[in-house]
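**Q** Return a 3D structure for these sequence lines:
(one chain, ligands or ions: 1)
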Amino acid sequence: MGLHILGTGSFKPDGMLTNEDLTKFIETNDEWIRTRTGISVRHVATGEPTWYMGAEAAKSAIDAAGIDPVEIALIIDTTITQDYCTPSMSCIIQRETGAVNAACFDLNAACSGFVYAMDMAHRFLKTEPDSKYALVIANEQLSRITNYEDRSSCILFGDGAAAAVVEYKEDTLYSSHLGADGTGAKYLFAKSALPDSPFVDEEKLSYEWHDFSSAPEGSYPHGMKQDGKEVYRFATHAMPKAAKAAADKIGFELSSLDKIVPHQANIRIIETAMKNLKLPMEKVVVNIKQHGNTSSASIPIALDEAVRSGEIKRGDKICLVGFGAGLTYAAIIMEY
Ligand code: UT7
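**A** Next up is the predicted model:
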């Protein structure tokens, strides 16, 4: 009932945004950002589209897996910062990688996206016996939807991409738990950049359609708006809940995990969640200092870096666990 990761890859754009750089936009300082979030620097794209970052990560994962891309049966791209309404990012990545036999679609579960997509890949491969491999990519350019006038949120986000090539494998450790709480949608959102249609009725347009639709004031009308405290509260409960639910399904003891790869949102969120799970920080993969929060790309970037540095080894029992806008949460327990 398992999923085997054949190879991983990642791409980080060259642009770097340090805490010091942020002091030019907003009233803040390096010490506040480091102690409240654990972040020192983030990568930012300076012209390359989001699909390009995903395609580079995908090519690297395919290389690491050592497979022929024509044998990929499914591509799922997960993002909240797609370059186009249509075509999907996954179709563009198919074109770039030569995975000509793959079905392609995109998935939006915000920062939980990669974990959701890996679980969808598992379900697809399990029920399509002739399909060999799936390619899961997470690519994000949060600098395009960050409100750089809001000091409580703009310090968090960065850009990047990562990917994994996976195959279905019988008789190996696997369990997952996915969830969401749409009543928390108002705590973290970014308005679509789509213009109004030519058929708009001004009166209807002025209705209060949602309790969360007001865009940020100022220069970033499509920037993210977040209630940091509510998201923080949700995150510290949702990550332990997801990991425990996945473990309980198969009677697995979380203490026997070798490594946990959590969403890199805030070092204090990770520490509190691990305390709730009674898991030591030595088992946790943390790279937030160098990347900040890259939404759905954060877990696979951390995974790829841990694999390449030897921090995660073949046979390790790992847990991928995240939370995000929606609000969503997700965990997978598997063997690397
Ligand atoms: O993928 C999910 C994405 N989102 C998250 O994970 C967000 C989760 N939330 C958080 O990580 C934290 O709530 C934040 C990092 C956003 C904020 O940290 P906090 O410890 O909750 O700070 P706070 O909002 O309680 O603010 C404390 C103080 C305030 O000043 P006063 O009112 O106490 O005088 C803020 O105005 O810190 C001030 N402050 C800042 N000061 C310097 C807020 N942002 C900054 C800043 N630099 N960048």
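**Q** low pLDDT regions in this structure?
**A** Counting by pLDDT under 70, the chain contains no low-confidence residues.
**Q** Outline the domain layout of it.
**A** Annotated domains of the chain cover 2-169, 174-185+223-335 [automatic domain parsing].
**Q** Of all those domains, which one is nearest V200?
**A** V200 lies closest, by C-beta to C-beta, to one member of the domains of the chain: domain 2-169, at 18.2 Å. C-beta coordinates here come from the backbone N, C-alpha and C atoms, glycine included.
**Q** Quick one: distance of the closest one to the chain centre.
**A** 7 Å (C-alpha atoms, centre = their mean, to the nearest Å).
**Q** close to the ligand, is that domain?
**A** Yes. Domain 2-169 is in contact with the ligand by C-beta under 6 Å from any ligand atom, via T28, W32, I33, R36, T37, C111, R151, S152, I155.
**Q** Would you mind measuring the gap between the ends of that domain?
**A** Taking C-alpha to C-alpha, to the nearest Å, the first and last residues of domain 2-169 lie 5 Å apart.
**Q** How about the contacts made by the residue of the stretch 201-336 of the chain found nearest the ligand?
**A** At 3.0 Å from the ligand, G228 is the closest residue in the stretch 201-336 of the chain, using C-beta to the nearest ligand atom. The contact partners of G228, taken as C-beta atoms under 8 Å, 6 or more residues apart in numbering, are S152, S153.
**Q** Compute the distance between the nearest residue to M16 once chain neighbours are set aside and G326, please.
**A** The spatially closest residue to M16, leaving aside those adjacent along the chain, is V41, at 5.7 Å (C-beta to C-beta, 6 or more residues apart in numbering). For V41, the distance to G326 equals 28 Å [C-beta to C-beta, to the nearest Å].
**Q** can you check L320 too?
**A** Taken as C-beta to C-beta, the span from L320 to G326 is 17 Å.
**Q** now swap in A57 and tell me
**A** For A57, the distance to G326 - C-beta to C-beta - is 23 Å.
**Q** Kindly report the same for L254.
**A** 24 Å.
**Q** can you give me the helices for the stretch 1-150 of the chain?
**A** In the stretch 1-150 of the chain, helices defined by DSSP state H, counting those that start in this stretch lie at 19-22, 30-37, 50-65, 89-97, 113-127, listed in chain order.
**Q** between the last one and helix 89-97, how big is the angle?
**A** Here helix 113-127 runs at an angle of 80 degrees relative to helix 89-97 (axes from the mean of the first three to the mean of the last three C-alpha atoms, to 10 degrees).
**Q** Just the C-alphas of helix 113-127, formatted as PDB.
**A** Provided in PDB are the C-alpha atoms of helix 113-127 (Å, rounded to 0.1, in the frame of the first residue of the first chain):
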ATOM      1  CA  GLY A 113      -0.400  21.200  -1.600                       C
ATOM      2  CA  PHE A 114       2.700  18.900  -2.000                       C
ATOM      3  CA  VAL A 115       1.400  16.500   0.700                       C
ATOM      4  CA  TYR A 116      -2.100  16.500  -0.900                       C
ATOM      5  CA  ALA A 117      -0.600  15.900  -4.300                       C
ATOM      6  CA  MET A 118       1.700  13.000  -3.200                       C
ATOM      7  CA  ASP A 119      -1.400  11.300  -1.700                       C
ATOM      8  CA  MET A 120      -3.400  11.900  -4.900                       C
ATOM      9  CA  ALA A 121      -0.400  10.300  -6.900                       C
ATOM     10  CA  HIS A 122      -0.500   7.400  -4.500                       C
ATOM     11  CA  ARG A 123      -4.200   6.800  -5.100                       C
ATOM     12  CA  PHE A 124      -3.800   7.200  -8.900                       C
ATOM     13  CA  LEU A 125      -0.900   4.800  -9.200                       C
ATOM     14  CA  LYS A 126      -2.600   2.200  -6.900                       C
ATOM     15  CA  THR A 127      -5.800   2.100  -9.100                       C
END
